[in-house]
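K.L.:
need a 3D model of the following:
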Amino acid sequence: MRKLRMGMIGGGRDSFIGDVHRKAAGLDGMIELVCGAFSSSEAKSAASGRDLFLPDTRCYGNFEEMIRKEKALPPGGRMDFVSIVTPNNMHFAPAKMALENGFHVVCDKPMTMNLKEAEELEQLVATSGLLFALTHNYPGSPMVKQARAMVKNGELGTIRKVQVHYLQGWLATPVEKSGQKQALWRVDPAQSGLGGALGDIATHAENLVEYITGSKITELAADLNRFGEGRLLDDDGNILFRMEHGARGSLSFSQIAVGEENNLSIRVYGEKGSLEWQQENPNQLITRWLDKPKMIFTPRGNQLYPEAIAASRIPAGHPEGYLEAFATVYKNFALHLLALENGLKIEDPDYPGVKDGVRGIKFIQAAVLSNEKNAAWVKV
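P.N.:
So this is what the prediction gives:
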């Protein structure tokens with residue numbers, strides 16, 4: 001047993017998500033950062049590496065150099081996997097090169113810019129036998145895992161209806177015109193892809209729906225909006241969807257909802273009961289029933305499934321949230337990779353993977369096509 005060695009692509013100085021990934025990866029003591037190509041600027045990449053106390057020899061000017069030179073190192077010293085934390089347009093190329101050179105991959109979402117790229121990565125993962133994790137972090141919450149287990153074990157009965165929303169307000173004003181870094185690339189089709197808020201946050205909601213219910217969205221009707229003056233990509237939208245096994249649902253998302261911070265919330269209604277989970281209050285799973293009182297589940301509380309207990313790190317009553325959920329994705333990926341290195345097999349690893357990435361791209365493309373057809377129903 002040893003720590004896994006991580007290389008990072010992107011995530012240099014002033015990066016929000018890079019810092020989140022590094023903290024999450026290190027939380028359980030199973031992973032250490034050993035190298036990186038932290039910026040498209042060689043000087044900034046080197047400076048970012050020094051900020052992280054990495055030797056200059058392991059700070060690279062671009063991802064091609066990093067993958068090539070790391071591969072040339074002895075097996076006991078090179079990185080084990082890459083973590084890709086760049087804007088969307090820079091996910092595919094480094095992921096492809098890493099897989100082709102024998103490195104496992106952790107990648108931010110959405111996985112690629114289009115379906116062709118997503119399916120190529122899916123094929124590479126299948127043929128290489130390498131691992132691929134997609135960092136949809138919300139399924140890492142203990143109470144989301146409790147919700148999934150309750151649905152899987154039939155406690156709610158047949159699922160009939162799902163309501164999910166993801167509301168933010170940080171793009172209610174044209175902050176991109178002031179040069180705000182996080183806004184600039186998200187409103188740029190060349191860097192973000194087909195979807196604006198659709199790709200940035202609605203894919204989290206889509207993934208949460210499919211993770212908890214264990215059922216896929218099969219059709220949708222989407223009404224996408226652009227309220228920000230001059231914006232080319234959506235910053236708001238509403239989607240109706242149909243699921244396998246007959247369930248129906250609605251998904252509302254926005255980044256122009258004034259006053260909202262990170263309001264991701266889901267309700268799942270079955271024939272016997274229902275559940276509700278809110279990201280801004282992640283340590284409570286509220287359940288309601290036909291024949292018994294409302295029940296609220298909490299991490300380390302009573303009547304939890306093993307999946308929920310395994311995702312909780314601290315004693316009952318202590319808050320667990322965003323970083324811990326993110327860390328659970330890395331932890332489960334690391335456990336899978338360590339098992340693989342020791343000749344063991346994990347049949348159903350509990351972290352989002354390349355197939356979830358393909359699902360996300362299909363969801364984005366279907367929503368954009370539906371909107372172009374005046375919210376007509378489109379198959380996913």
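K.L.:
what about the helices in the chain?
P.N.:
Ranges of helices within the chain are 16-26, 42-51, 63-72, 92-100, 115-128, 142-152, 181-186, 189-192, 197, 203-213, 306-310, 322-341, 354-372, based on DSSP state H.
K.L.:
closest one to residue 245 among those helices?
P.N.:
Judged by C-beta to C-beta, the one of the helices of the chain that comes nearest to residue 245 is helix 203-213, at 8.7 Å. Using the backbone N, CA and C atoms, a C-beta is placed for each residue, glycine as well.
K.L.:
average model confidence for that closest one?
P.N.:
On average, the pLDDT along helix 203-213 is 98.
K.L.:
next: stretch 180-191.
P.N.:
So the average pLDDT for stretch 180-191 ends up being 95.
K.L.:
report the buried residues of that stretch.
P.N.:
Neighbour counts over stretch 180-191 (16 or more other C-beta atoms under 10 Å) mark 182-188 as buried.
K.L.:
nearest to residue 51 among those?
P.N.:
residue 182 (19.1 Å).
K.L.:
the closest one reaches residue 16, doesn't it?
P.N.:
Yes - using C-beta atoms under 8 Å, residue 182 is in contact with residue 16, at 6.3 Å.
K.L.:
give me phi/psi at the residue most central in space within the chain?
P.N.:
Compute the mean C-alpha point of the chain, and by C-alpha atoms, centre = their mean the closest residue is residue 136, 1.7 Å away. Per-residue torsions, residue 136: phi -80, psi 110 (degrees, to the nearest 10).
K.L.:
swap in residue 156?
P.N.:
Dihedral angles (degrees, to the nearest 10) for residue 156: phi -90, psi -10.
K.L.:
what's around residue 56, how many residues?
P.N.:
A count of nearby residues for residue 56, using other C-beta atoms under 10 Å, gives 8.
K.L.:
break the chain into its domains for me.
P.N.:
Using automatic domain parsing, the domain parsing of the chain gives 4-130, 141-314+358-379.
K.L.:
okay if I get the ones you listed as CSV plus distance to residue 347?
P.N.:
Converted to CSV, the domains of the chain look like this (distance: least, C-beta to C-beta, whole Å):
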stretch, distance to residue 347
domain 4-130, 15
domain 141-314+358-379, 14
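K.L.:
now the residue of the chain positioned farthest from its centre: how far from residue 147?
P.N.:
Centroid-distance maximum for the chain: residue 291 at 36.0 Å, with C-alpha atoms, centre = their mean. For residue 291, the distance to residue 147 (C-beta to C-beta, to the nearest Å) stands at 20 Å.
K.L.:
also residue 174?
P.N.:
Distance, residue 174 to residue 147, using C-beta to C-beta: 37 Å.
K.L.:
what about the two, which has more around it?
P.N.:
Higher neighbour count among residue 174 and residue 147: residue 147, with 28 against 14, using other C-beta under 10 Å.
K.L.:
my guess is the more buried one meets residue 267, correct?
P.N.:
No - using C-beta under 8 Å, residue 147 is not in contact with residue 267; the gap is 10.3 Å.
K.L.:
how about residue 51, nearest residue that isn't a chain neighbour?
P.N.:
residue 13 (6.6 Å; C-beta to C-beta, 6 or more residues apart in numbering).
K.L.:
what is the burial count for that neighbour?
P.N.:
Close neighbours of residue 13, defined as other C-beta under 10 Å, add up to 14.
K.L.:
wait, it sits on residue 39?
P.N.:
Yes - Residue 13 is within contact range of residue 39, at 7.5 Å (criterion: C-beta under 8 Å).
K.L.:
give me the common contacts of the two.
P.N.:
Counting by C-beta atoms under 8 Å, 6 or more residues apart in numbering, the residues touching both residue 13 and residue 39 are residue 48.
K.L.:
tell me, how many residues neighbour residue 244?
P.N.:
13.
K.L.:
surely it is in contact with residue 216?
P.N.:
Yes - here residue 244 reaches residue 216: they are 5.2 Å apart, a contact under C-beta under 8 Å.
K.L.:
hang on, the earlier thing: most packed of the helices of the chain?
P.N.:
helix 197 (a mean of 27; mean count of other C-beta atoms under 10 Å).
K.L.:
per-residue pLDDT of residue 246, please?
P.N.:
96.
K.L.:
quick one: it from residue 219, how far?
P.N.:
12 Å.
K.L.:
the two: which is more packed in?
P.N.:
Neighbour totals were compared for residue 246 and residue 219, and residue 219 leads with 14 against 10 (other C-beta under 10 Å).
K.L.:
number of residues surrounding the closest residue in space to the more buried one that isn't next to it in sequence?
P.N.:
Counting by C-beta to C-beta, 6+ apart, the nearest residue to residue 219 once its immediate chain neighbours are dropped is residue 242, at 4.4 Å. Residue 242 has 16 neighbours, counted by other C-beta under 10 Å.
K.L.:
want to try TSV for the helices of the chain, with distance to residue 224 as columns?
P.N.:
TSV is the format used below for these (distance: least, C-beta to C-beta, whole Å):
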stretch	distance to residue 224
helix 16-26	24
helix 42-51	35
helix 63-72	32
helix 92-100	24
helix 115-128	18
helix 142-152	26
helix 181-186	15
helix 189-192	13
helix 197	9
helix 203-213	13
helix 306-310	35
helix 322-341	27
helix 354-372	4
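K.L.:
for residue 271, find the nearest of the ones you listed.
P.N.:
helix 142-152 (11.9 Å).
K.L.:
report all helices and strands that the closest one contacts.
P.N.:
On a contact count with 3 or more C-beta pairs under 8 Å, 6 or more residues apart in numbering; DSSP states H and E, helix 142-152 meets helix 203-213, strand 263-270, strand 273-278, strand 281-289, helix 306-310.
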